[in-house]
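[1] need a structure here:
(one chain, ligands or ions: 1)
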Amino acid sequence: MTASPSTAKELLARLVAFDTTSHKTNIPLIDFVEAYLAEHGIESHRVPTPDGLKASLFATIGPQDGGGLALSGHTDVVPVAGQTWDSDPFTLVERDGKLYGRGACDMKGYLACALAMVPDLEARKLKMPFHLAFSYDEETGCTGVRPMIAELGKTLPRPRMVFVGEPSRMGVVDAHKGPVRWRVELTGRAAHSSMPHYGVNAIAHAGRLIGELLRMEEELKASTLNPRFDPPWTTMQITQIEGGTASNVVPVPCWFGWETRALPGFDPMTLERRLKAFAAEHCLPEMRRIAPESDIKIAATNRVPAYAADTQSGIVPLTLKLAGQNETLAVSYCTEAGLFQDGGAPAIICGPGDIAQAHTANEFVHIAELEKCLAFLGRLADWAES
Ligand SMILES: [Zn+2]
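    Numbering: from 1, shown residues only. Predicted coordinates:
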């Protein structure tokens, strides 16, 4: 017995119908998944947010003796605002072998396949458990999965292997970069713009800091390259900037955002340390000579670790074999794989759909991709039985 694509399709239609845009609640979807699992006699464990508006769900199928294999995915989707869709994004529509809907590809298609496998998994004599690990707030910086990972080995079992189903066209992804985002806030002193020597220009000092970041970017381009990635270096970007109050006032406030996407093995905090040292040496003394209240705050607002698969766990050769692939891939998007691994659960990325369709208007997943995913999960179950 294997799960049928029509079951996966029906489940996907149900999942897509819940508008789980990251800033909204995902509880109705979690209620639905919990009820579906309960129909099959499976108990769910929720890891809710403090305000109760969102929750992760963890459920175990098969033996309840720890270890086992986890199927991990996020329930949230990116907004449809500003996008022109040919059909209602929250109604799954089938056309030409493709299923259209927000999240069909990223990544409710995988969740639907995992849920469609439940009766099949239950009917098997599994030697190790299968866990479902459904999270929230992935699209806003992989934040929702963290409290669930913190419970692994405590109130929840720690899986031996985690299969993250982000869209990879069922290719095997064993590495991605790690994004870190910072916010830099500068405070200067106001003065009439004709009397700049009485003021401290926050925008001018932001410019110096940005100049240093651009030098760092050039150095990164010229340093360690990893040809598995496109581009092959640790990237950096200034992403946002805002400052000043009027056209004739030396500006007091200025803030800017910057990010890096670090190659596995590169410590992104070296960039922060260098910028802080530059600020302390080249900006703050001059600023504070005129205005002691001047300040520069540099703080990371989000960090997802880069990911390179664990080579001891056997997860890479196993996944390659089950996926019928010869070689692994490295990608530029990020996932919860590195977080699971840092939590002691080796992870791999392999899921249906093409990342090129993720986040776009008329997002879709090929039905053939769901079929491939179900076949992959069936082979994984065979392996867990043997
Ligand atoms: Zn995703």
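[2] mind checking how far the nearest residue to Leu320 once chain neighbours are set aside is from Tyr100?
    Leaving aside its sequence neighbours, Leu320 sits nearest to Val172 (Cβ to Cβ, 6 or more residues apart in numbering; 5.4 Å). C-betas here are computed from N, CA, C, even on glycine. In this view, Val172 and Tyr100 are 27 Å apart by Cβ to Cβ, to the nearest Å.
[3] name the residue of the stretch 201-350 of the chain that lies nearest to the ion.
    Thr335 (7.0 Å; Cβ to the ion).
[4] helix, strand or coil for that residue?
    For Thr335, the assignment made with DSSP: H, G, I helix; E, B strand; the rest coil gives coil.
[5] so it sits against His176, correct?
    Yes - contact between Thr335 and His176 holds when scored by Cβ atoms under 8 Å: they sit 6.4 Å apart.
[6] can you pull out the helices in this protein?
    5-17, 27-39, 109-116, 118-123, 145-151, 202-222, 269-278, 284-290, 315-323, 337-342, 367-385 (DSSP state H).
[7] how far does the last one sit from its chain's centre?
    What that stands for is helix 367-385. 23 Å (Cα atoms, centre = their mean, to the nearest Å).
[8] return the set of buried residues in it.
    Across helix 367-385, burial judged by 16 or more other Cβ atoms under 10 Å covers 367, 369-381, 384.
[9] grab the nearest non-local neighbour of Lys250.
    Heads up, residue 250 is Val, not Lys. Nearest one to Val250, counting by Cβ to Cβ, 6+ apart, is Gly199 at 3.3 Å.
[10] do you know how far that neighbour is from the ion?
    46 Å (Cβ to the ion, to the nearest Å).
[11] got the contact list for Val33?
    By Cβ atoms under 8 Å, 6 or more residues apart in numbering, Val33 lies in contact with 44, 57, 111, 115, 132, 134.
[12] so what's the residue of the chain found nearest the ion up against?
    Among all residues of the chain, Asp106 sits closest to the ion, at 4.1 Å; criterion: Cβ to the ion. Counting by Cβ under 8 Å, 6+ apart, Asp106 touches 77-78, 166-167, 353, 355, 357-359, 363.
[13] near the ion, which residues of the stretch 51-200 of the chain?
    Proximity of the stretch 51-200 of the chain to the ion, by Cβ under 5 Å from the ion, involves residues 106-107, 166.
[14] hmm, 6 Å instead?
    74, 106-107, 138, 166 (Cβ under 6 Å from the ion).
[15] export these to TSV and append columns for pLDDT.
    Shown next, in TSV, are those (pLDDT from 0 to 100):
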residue	pLDDT
His74	97
Asp106	96
Met107	96
Glu138	92
Glu166	96
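[16] for the residues you listed, which one is nearest Asn302?
    Asn302 lies nearest to Glu138 out of these, by Cβ to Cβ, at 12.0 Å.
[17] if we ignore the residues flanking it in sequence, what's nearest that closest one?
    His74 (3.4 Å).
[18] likewise Gln237?
    Nearest one to Gln237, counting by Cβ to Cβ, 6+ apart, is Glu259 at 5.5 Å.
[19] how about that neighbour, what does it touch?
    179-182, 236-237, 239 are the contacts of Glu259 under Cβ under 8 Å, 6+ apart.
[20] likewise Cys350?
    So Cys350 contacts 163-165, 168, 170-173, 319, 323, 376 (Cβ under 8 Å, 6+ apart).
[21] circling back: beta-bridge partners for the residue nearest to Gln237, please?
    Counting by DSSP bridges, Glu259 forms beta bridges with Arg181, Gln237.
[22] just the pLDDT at it, thanks.
    pLDDT recorded at Glu259 is 96.
[23] same deal with the one 5 residues further on?
    The model reports Pro264 with a pLDDT of 94.
[24] could you report the neighbour count for it?
    When counting by other Cβ atoms under 10 Å, one arrives at 20 neighbours for Pro264.
[25] OK, contacts around it?
    Contacts of Pro264 by Cβ under 8 Å, 6+ apart are 175-178, 226, 306-308.
[26] might one say that Asn362 is in contact with Val93?
    No - using Cβ under 8 Å, Asn362 makes no contact with Val93, being 9.5 Å away.
[27] OK, contacts around Gln331?
    To be clear, residue 331 is Val; Gln isn't right here. 168, 173, 175-176, 349, 355.
[28] pLDDT for those - can I get that in TSV?
    Shown next, in TSV, are the contacts of Val331 (pLDDT from 0 to 100):
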residue	pLDDT
Ser168	97
Val173	97
Ala175	97
His176	95
Ile349	98
Ile355	92
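[29] need the buried ones from these selected in PyMOL.
    Filtering these down to the buried ones (16+ other Cβ under 10 Å) takes a single PyMOL command:
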select buried, resi 168+173+175+176+349+355
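[30] identify the farthest-apart pair in the contacts of Val331.
    Ala175 and Ile355 (14.6 Å).
[31] where does the prediction get shaky in the stretch 151-300 of the chain?
    For the stretch 151-300 of the chain, not a single residue meets the criterion pLDDT under 70.
[32] distance of Glu327 from Asp174?
    10 Å.
[33] neighbour-wise, which of those two wins?
    Higher neighbour count among Glu327 and Asp174: Asp174, with 25 against 8, using other Cβ under 10 Å.
[34] surely the more buried one meets Ala308?
    Yes - taking contacts as Cβ under 8 Å, Asp174 lies within contact range of Ala308: 6.9 Å.
[35] what about Trp184, neighbour count?
    Just to correct that, residue 184 is Val rather than Trp. 23.
[36] so who does it touch?
    206, 209, 255-258, 275, 296-298 are the contacts of Val184 under Cβ under 8 Å, 6+ apart.
[37] do His192 as well
    198, 248-250.
[38] which residues does the residue nearest to Glu138 bridge with?
    What pairs with His74, by the bridge criterion (DSSP bridges), is Ser135.
[39] so what's Leu186 closest to, chain neighbours aside?
    Closest to Leu186 by Cβ to Cβ, 6+ apart is Ala202, at 4.1 Å.
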